[in-house]
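K.L.:
I need the structure of the sequence given here:
(2 chains)
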Amino acid sequence: MTRKVISLAEIRDGSLRNVSFEAIAAAKTIAQGGEVVAVLVGESVQSYANELIAYGADRVVVVEHAQLKTYTPDGYGQALMAVVEAEKPEGIVFGHTALGKDLSPKLATKLNAGLVSDVVAIEEKDGELLFTRPIYSGKAFEKKIVNDGLVFVTVRPNNIPALSRDDARSGDVTSLSVDIKDLRTIVKEIVRKTAEGVDLSEAKVIVAGGRGVKSAEGFKPLQELADVLGGAVGASRGACDAGYCDYSLQIGQTGKVVTPDLYIACGISGAIQHLAGMSNSKVIVAINKDPEANIFKVADYGIVGDLFEVVPLLTEEFKKLKVHS
Amino acid sequence: MNIFVLMKRTFDTEEKIIINNGKVNEEGAEFIINPYDEYAIEEAIQVRDKLGGEVTVVTVGNEDAEKELRTALAMGCDKAVLINIEDDVEESDQYTTAKVLAEYLKDKEPHLILAGNVAIDGGSGQVGPRVAEMLGIPYVTTITKLDIDGDKVTVVRDVEGDEEVIEASLPLLVTAQQGLNEPRYPSLPGIMKAKKKPLDEVELDDLDLDEDDVEAKTKTVEIFLPPKKEAGKILQGELTDQVKELVTLLRTEAKVI
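P.N.:
Numbering: from 1, shown residues only, chains lettered A, B, ... in the order given. Purely as a prediction, here's the structure:
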């Protein structure tokens, strides 16, 4: 069955987030040959449209309004409802991001639809779409179907591969004018606390520290390693509880669940709650003084040693590699 | 202040997941209040202690959840409500839960509703915003700070590590993120008092709902465990050599660099 599917794009720091392209790829699978329409929402966002087409969207609908400069559930809810009324899609894909998590249940409720959140894989079997998603923070997985009607999903960043970019592709870009009013929540201020660029949930490489990092200062060598690899720094609950870093860095059953290509665990013992947040990473490296540490059981490669010796050596080694390549 | 907390009973974070006949085995497992809901309960109690009023903790589930409701009462909630759907609903999803909660809450005139931002078992994070939308009230998710001044509410929302300062007014639904507060442990007098606090049980009938009204819109067809990982390679030798070997392995064997 072919479906018309819309996918919501997201912009961060002046660029489209990668998950926007992954959402297009997911929409293609759900569409089964039907049309995929990417949606751009913001104050002035038209310029991003062609990139969405290059990544596989057939068309782009642009919704621009001064009140849409900053995300609010009411503003974006009204924008997306206008798109749904105009396009009448049979499928909707959002990224499972702060925005997607916040907005999707509202829109699903408005549309009296089901919603499968945090999807990591989509397959078609006997004409039915099966959505795989982690449960118990990745200790198990479930496959879900949508009983009938609208197929609405959010996709976890870094899991469904984007299609390769093809700048030769072309498609219509149209504007949809909307009336945005009665915003019941107003964003007064945005306080930037994370580093520019690499977002933990989308990072391809994560260097994470545990209690073994010993202090806030101890995260420095980890940050240096992450910088060389173009990655992000994360932490175990132990490190957060000890006050070495902000809770926004916490990876685990409470905290973020991440699936980078490479996860380097430094001074992390590997409590079951932490493993739940990272054990589905593609490759795991563990660095720990204690050879009995639980983290070695899930690691692909382990070095038994002091992280303060190993991590700077690793940084140097990767630097050399960068110079050579 | 008429305050409600939406609570879920979940597996303890320590539990290993075992699957029997396509279902997660619950036998012998330890259950807890969903950790994010504990932040919601704590915040509700603090708001009540400051501004007065009453905190009602509500859950959808079966009678096993009475234990967690009593814990919430022991922490300091005033009343508990179990909406028992066990006999009426065979298959439920987030729509089901939200619909049941919204029907229960619609004539209760809540000023403030708090919930966890996500449950650590199902992990969808849908129920809070769905309930707010069904009730026609605004919501703010993943909050780390809550200030109420008359009808005006100022909250800090965690957005993937950054913070938004948001203004809204009551009635409002908020979902709790880690960092909102430090949930208290129930005190011994609290536990004693909790035994005498009201715990009401409600069924679908009492809410004028039947099974069709809350019919799930999605269905789980399979549950499985992630593939077991092979034991990894512990490198040997001088540290500098180990580091060199690791970089080589990451490039040539794992091919992630």
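K.L.:
could you pull up the contacting residues of the residue of the stretch 1-150 of chain A found nearest chain B?
P.N.:
Per C-beta to the nearest C-beta, A:G114 is where the stretch 1-150 of chain A lies closest to chain B, at 2.8 Å. C-beta coordinates here come from the backbone N, C-alpha and C atoms, glycine included. Neighbour list for A:G114: A:108, A:146-147, A:149-150, A:152, B:93, B:95, B:216-218 [criterion: C-beta atoms under 8 Å, 6 or more residues apart in numbering or on different chains].
K.L.:
return the nearest residue of chain B with respect to chain A.
P.N.:
Counting by C-beta to the nearest C-beta, chain B gets nearest chain A through B:K217, at 2.8 Å.
K.L.:
quick one: A:Y244 and chain B, what's the gap?
P.N.:
15 Å (C-beta to the nearest C-beta, to the nearest Å).
K.L.:
ok, the residue nearest to that residue when sequence neighbours are not counted to chain B distance?
P.N.:
Closest residue to A:Y244 apart from its sequence neighbours, by C-beta to C-beta, 6 or more residues apart in numbering or on different chains: A:A216 at 5.1 Å. Using C-beta to the nearest C-beta, we find A:A216 at a distance of 16 Å from chain B.
K.L.:
so which of the contacts of A:G114 belong to helices?
P.N.:
If you go by DSSP state H, the contacts of A:G114 have A:108, B:95 in helices.
K.L.:
counting neighbours, which of the contacts of A:G114 end up buried?
P.N.:
A:108, A:146, A:150, A:152, B:93, B:95, B:216-218 (16 or more other C-beta atoms under 10 Å in any protein chain shown).
K.L.:
kindly reformat those residues as TSV containing distance to A:A299.
P.N.:
Shown next, in TSV, are the buried ones among the contacts of A:G114 (distance: C-beta to C-beta, whole Å):
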residue	distance to A:A299
A:A108	39
A:V146	37
A:L150	42
A:F152	37
B:D93	36
B:Y95	40
B:A216	39
B:K217	40
B:T218	35
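K.L.:
so which of those comes closest to B:I120?
P.N.:
B:D93 (17.2 Å; C-beta to C-beta).
K.L.:
right, and the closest one touches B:V214 too?
P.N.:
No: B:D93 lies out of contact with B:V214 (C-beta atoms under 8 Å); the separation is 9.6 Å.
K.L.:
backbone torsions only: list them for B:K193.
P.N.:
phi -60, psi -40 (degrees, to the nearest 10).
K.L.:
counting neighbours, what do you get for it?
P.N.:
Counted by other C-beta atoms under 10 Å in any protein chain shown, the residues lying close to B:K193 total 14.
K.L.:
okay, now the unreliable bits of the stretch 151-300 of chain A?
P.N.:
Counting by pLDDT under 70, the stretch 151-300 of chain A contains low-confidence ranges at A:195-197.
K.L.:
ranges for the helices of it?
P.N.:
Ranges of helices within the stretch 151-300 of chain A are A:220-228, A:237-241, A:272-278, A:295-298, based on DSSP state H, counting those that start in this stretch.
K.L.:
tell me the most buried of the ones you listed?
P.N.:
A comparison of the helices of the stretch 151-300 of chain A by mean neighbour count, using mean count of other C-beta atoms under 10 Å in any protein chain shown, puts helix A:272-278 on top with a mean of 23.
K.L.:
contact residues of the stretch 1-150 of chain B facing chain A?
P.N.:
Counting by C-beta under 8 Å from any C-beta of the partner chain, the stretch 1-150 of chain B comes close to chain A at B:11, B:13-14, B:16-17, B:19, B:24, B:35-36, B:93-95, B:98, B:120-130, B:132-134, B:138-142.
K.L.:
which of those are buried? Put it as a PyMOL command.
P.N.:
Applying 16+ other C-beta under 10 Å to these leaves a buried subset, and the PyMOL line that selects it is:
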select buried, chain B and resi 11+13+17+24+35+36+93+94+95+98+120+121+122+123+124+125+126+127+128+129+130+132+133+134+138+139+140+141+142
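K.L.:
just the ones of the residues of the stretch 1-150 of chain B next to chain A in helices?
P.N.:
Short answer: the residues of the stretch 1-150 of chain B next to chain A in helices (DSSP H) are B:35-36, B:94-95, B:98, B:127-130, B:132-134.
K.L.:
can you redo the residues you listed as TSV with pLDDT?
P.N.:
Putting those into TSV (pLDDT from 0 to 100) gives the following:
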residue	pLDDT
B:P35	96
B:Y36	97
B:Q94	98
B:Y95	98
B:A98	98
B:V127	98
B:G128	98
B:P129	98
B:R130	98
B:A132	98
B:E133	98
B:M134	98
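K.L.:
what is the nearest of these to A:I264?
P.N.:
Checking those against A:I264 by C-beta to C-beta gives B:P35 as the nearest, at 26.5 Å.
K.L.:
let me see the contact set for the closest one.
P.N.:
A:253-254, B:10, B:13, B:116, B:120, B:178.
K.L.:
in those, find the pair that's most separated.
P.N.:
B:T10 and B:Q178 (15.0 Å).
K.L.:
if we can go back for a sec, for A:K101, which of the helices of the stretch 151-300 of chain A is the nearest?
P.N.:
If you check each of the helices of the stretch 151-300 of chain A against A:K101 by C-beta to C-beta, helix A:272-278 wins as the nearest, at 16.2 Å.
K.L.:
just give me the neighbour total for B:K195.
P.N.:
Other residues lying near B:K195 total 10 when counted by other C-beta under 10 Å.
K.L.:
please name the nearest non-neighbouring residue to it.
P.N.:
B:R70 (7.4 Å).
K.L.:
and the one you found, what element?
P.N.:
helix B:66-75 (DSSP states H and E).
K.L.:
what about the next helix or strand along the chain from that helix, distance to the chain center?
P.N.:
Toward the C-terminus, helix B:66-75 is succeeded by strand B:79-84 as the next helix or strand (DSSP H and E). Distance of strand B:79-84 from its chain centroid, counting by C-alpha atoms, centre = their mean, to the nearest Å, is 15 Å.
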